[in-house]
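**Q** Task: produce atomic coordinates for the following.
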Amino acid sequence: MSQECSVKNALRQNTEQAIAQGLYGVPTLVIGEHRFWGVDQMDMLKAYLSNQDLFENDAYRRIKNLPTGIARGK
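**A** The predicted model follows:
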């Protein structure tokens, strides 16, 4: 019974931490400063894990500097 309570407490703490970071959706993985949201991002996550300079090329820099269309509020 106490193991069940500790699992529930860990789940609550992890959920609260994710909400505080503005995370939502499953799966959301945070690796350093990068967020990978959605199962369709698993290939990009694998590519990033094998090359952590993946987002440091000119194409990604241009994308990063595009204006935001809509920002989700907290």
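**Q** drop to CA atoms for contacts and neighbour counts, all remaining ones
**A** OK.
**Q** Could you pull out the strands in this protein for me?
**A** Under the criterion DSSP state E, the chain carries strands at the ranges 28-31, 34-37.
**Q** Quick one: mean pLDDT for the last one?
**A** Taken as a whole, strand 34-37 carries a mean pLDDT of 90.
**Q** helices or strands up against that strand?
**A** If you count contacts as 3 or more Cα pairs under 8 Å, 6 or more residues apart in numbering; DSSP states H and E, strand 34-37 packs onto strand 28-31, helix 42-50.
**Q** just the first one next, same as before
**A** Using 3+ Cα pairs under 8 Å, 6+ apart as the contact criterion, the elements in contact with strand 28-31 are strand 34-37.
**Q** which one of the helices and strands packed on strand 34-37 has the lowest average pLDDT?
**A** Comparing mean pLDDT over those, the weakest stretch is strand 28-31, at a mean of 90.
**Q** In the sheet, which strands lie alongside it, parallel or antiparallel?
**A** Based on DSSP bridges, the pairing partners of strand 28-31 within the sheet are strand 34-37 (antiparallel).
**Q** which other residues reach the partner strand?
**A** Around strand 34-37, the neighbours that count as contacts under Cα atoms under 8 Å, 6 or more residues apart in numbering are G25, V26, P27, T28, L29, V30, M42, M44, L45.
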